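Undergrad: return atomic coordinates for the entry below.
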Amino acid sequence: MNIYDSKGYLNTKHIEEIADRNKIAFIIIIGKRQIGKTYGVLKLMLDEDKRFILLRGMKTELEMLERGVNSPFEKIHGYEGKILFDKNSDYTAEIVRQEIRLDDEGESHIENTVIGMGAALSSIGRVRGFNGDIYTDVVFDEMIPESHLLKVRHGGDAFLNMYTTVAGNRELEGRPPLRCWCLANSNNLDSDILQALDITDVVEKMSLRGEESRILKERGIMIILPDSEQIIDKRKKMALYKAIGGESKFAQMAYGNKFAYNDYSDVGVKPLQEYRPIIQVGSLTVHLHKNDKTVYITEGYANLKVRHTYQDTEYGLMKFTREQTDLRAAYFRGRVTFQNMVVKNTFLKYMELL
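TA: A predicted model of the protein is given here:
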């Protein structure tokens, strides 16, 4: 799948055409910085006169846009200074196209046209009397927040509720589904949105294999992990790359499209026959090695005889963390291996370590 233009940036128009042909509702783009993710998708929205929602994670991010701070529209060619945010409620802002028009007498006046809405995932559920029918697309920018930023509590559920609300009954009425563009830098695989869509393991495998794109046609999902060599070759000559080198976590994320903030040193596949299951907690099974007493944690298996079972509930996980202190200690001593990064992140959440 060719996803780049002649300069090595993302060709969002071509990506949209592929999505249309395959009836894709969710387009997930996780990649290097400044490869044209946000720029390309927003320019597509403007060029095609789409009515869209620009979604950010936290309300504070939306408030910055309302004040004109770091607007993603400022540098879009052909629209410089023409796209503004106009706060229209405590939780949303109108996205307005501003143009100067001449009337019949030659007098100039400003004409504002509402073309979209800005909203935050953390607060969009509080909007009342909301009509999402007029919007064709949602652009969720910074879907995976950077490590220093707050995450939306129960972000996966909030995302699914947002989509349900905006989509409404359009598909039941024979119209195309709402399209959602989820954009992020490759900071961390620990994303509530990826988990909500049940694609964390797919993204992880794609990343490890160097696979740039995949279409899950039956599920209406397209995943793109762009790795444009044209862009990275140019960026390696820039001051920051020279200063920090290519081995730092930031460089691997920003320039190498690697989930550099995930530690894979304790992730790998082990022969299950050498272990016996001892604990089931939520969706995970904890196995103890028959000889050296190391621990291997995998995704859950049904009908296993184990010593302890804990439900994925507030009480169940509280009991798990209180009773399994030896397992917690084994993790800190480096005696635990995880089947994959999804399992590791789930375990860390269960143990209240993430």
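Undergrad: residues contacting L84?
TA: Residues near L84 by C-beta atoms under 8 Å, 6 or more residues apart in numbering: 68, 71, 95-96, 98. C-beta coordinates here come from the backbone N, C-alpha and C atoms, glycine included.
Undergrad: can you give me the strands in the protein?
TA: Counting by DSSP state E, one finds strands in the chain at the ranges 26-31, 52-56, 83-87, 92-102, 108-120, 137-140, 179-185, 213-216, 221-224, 275-281, 284-289, 295-299, 308-310, 336-338.
Undergrad: what would those look like in a markdown table with distance to I193 and mean pLDDT?
TA: Converted to a markdown table, these look like this (distance: least, C-beta to C-beta, whole Å; pLDDT from 0 to 100):
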| stretch | distance to I193 | mean pLDDT |
| --- | --- | --- |
| strand 26-31 | 8 | 95 |
| strand 52-56 | 11 | 96 |
| strand 83-87 | 23 | 90 |
| strand 92-102 | 20 | 88 |
| strand 108-120 | 14 | 91 |
| strand 137-140 | 7 | 98 |
| strand 179-185 | 6 | 95 |
| strand 213-216 | 15 | 96 |
| strand 221-224 | 12 | 97 |
| strand 275-281 | 23 | 94 |
| strand 284-289 | 21 | 96 |
| strand 295-299 | 20 | 95 |
| strand 308-310 | 26 | 94 |
| strand 336-338 | 21 | 96 |
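Undergrad: let's have those in JSON lines, adding distance to V203.
TA: JSON lines is the format used below for the strands of the chain (distance: least, C-beta to C-beta, whole Å):
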{"stretch": "strand 26-31", "distance to V203": "7"}
{"stretch": "strand 52-56", "distance to V203": "20"}
{"stretch": "strand 83-87", "distance to V203": "31"}
{"stretch": "strand 92-102", "distance to V203": "29"}
{"stretch": "strand 108-120", "distance to V203": "24"}
{"stretch": "strand 137-140", "distance to V203": "15"}
{"stretch": "strand 179-185", "distance to V203": "10"}
{"stretch": "strand 213-216", "distance to V203": "9"}
{"stretch": "strand 221-224", "distance to V203": "6"}
{"stretch": "strand 275-281", "distance to V203": "24"}
{"stretch": "strand 284-289", "distance to V203": "19"}
{"stretch": "strand 295-299", "distance to V203": "16"}
{"stretch": "strand 308-310", "distance to V203": "27"}
{"stretch": "strand 336-338", "distance to V203": "16"}
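Undergrad: right, and those - which one's nearest L62?
TA: Checking those against L62 by C-beta to C-beta gives strand 108-120 as the closest, at 4.4 Å.
Undergrad: okay, now the unreliable bits of this structure?
TA: 128-129, 147-149, 186-187, 228-242, 244-261, 301-303 (pLDDT under 70).
Undergrad: can you pull up the most central residue in it?
TA: Central residue of the chain (C-alpha atoms, centre = their mean): M143, 3.6 Å from the mean position.
Undergrad: hang on, isn't it packed against N185?
TA: No. With contacts defined as C-beta atoms under 8 Å, M143 does not count as touching N185, sitting 9.4 Å away.
Undergrad: so what sits against both of these two?
TA: Listed contacts common to M143 and N185 are I30; contacts here mean C-beta under 8 Å, 6+ apart.
Undergrad: of all the strands of the chain, which lies closest to N262?
TA: Nearest to N262, of all the strands of the chain, is strand 336-338, at 11.0 Å by C-beta to C-beta.
Undergrad: helices or strands up against that closest one?
TA: strand 295-299 (3 or more C-beta pairs under 8 Å, 6 or more residues apart in numbering; DSSP states H and E).
Undergrad: sheet partners, orientation included, of the strand it packs on?
TA: strand 284-289 (antiparallel), strand 336-338 (parallel) (DSSP bridges).
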